[in-house]
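J.: Give me coordinates for this.
(one chain, ligands or ions: 1)
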Amino acid sequence: MPLNEKYCSPNCEQLALANQKKVQKSRKMLYVLFAVFILVWLFFMFRGQLGL
Ligand SMILES: [Zn+2]
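T.: The predicted structure follows:
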């Protein structure tokens, strides 16, 4: 396996990868929250148009 020059040690690389995964997970959560927010917003818009 070629040595990745981005990291000073395998342990350091593992930590960086774990951190990256955490960041991606929280980013995904953010997208989900945003999608939910949009859906709720659309729901209230639609409700308002129906006059309910
Ligand atoms: Zn390092």
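
J.: Can you tell me how far Leu15 is from Leu50?
T.: 53 Å (C-beta to C-beta, to the nearest Å). For the C-beta atoms, the positions are set from N, CA and C on the backbone; glycine is no exception.

J.: out of these two, which sits in the busier spot?
T.: Between Leu15 and Leu50, Leu15 has the larger neighbour count (other C-beta atoms under 10 Å), namely 12 against 7.

J.: Tell me which helix or strand Tyr7 sits in.
T.: Under DSSP states H and E, no helix or strand contains Tyr7.

J.: Residues of this protein that sit close to the ion?
T.: Within reach of the ion by C-beta under 5 Å from the ion, the chain has these residues: Cys8, Cys12.

J.: Low-confidence stretches in the chain?
T.: Scanning the chain with the threshold set as pLDDT under 70 gives 1-4, 51-52.

J.: At which residues are the helices of this protein located?
T.: Counting by DSSP state H, one finds helices in the chain at the ranges 10-50.

J.: With just CA atoms, put stretch 21-32 into CSV.
T.: Provided in CSV are the C-alpha atoms of stretch 21-32 (Å, rounded to 0.1, in the frame of the first residue of the first chain):
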residue,chain,number,x,y,z
LYS,A,21,-16.7,10.7,8.4
LYS,A,22,-18.2,12.6,11.3
VAL,A,23,-18.2,15.8,9.3
GLN,A,24,-20.0,14.1,6.4
LYS,A,25,-22.5,12.6,8.8
SER,A,26,-23.3,15.9,10.3
ARG,A,27,-23.5,17.5,6.9
LYS,A,28,-26.0,14.8,5.9
MET,A,29,-28.0,15.6,9.0
LEU,A,30,-28.0,19.2,8.0
TYR,A,31,-29.4,18.4,4.6
VAL,A,32,-32.1,16.2,6.2
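
J.: Identify the residues contacting it?
T.: Applying C-beta atoms under 8 Å, 6 or more residues apart in numbering, stretch 21-32 turns out to have no external contacts.
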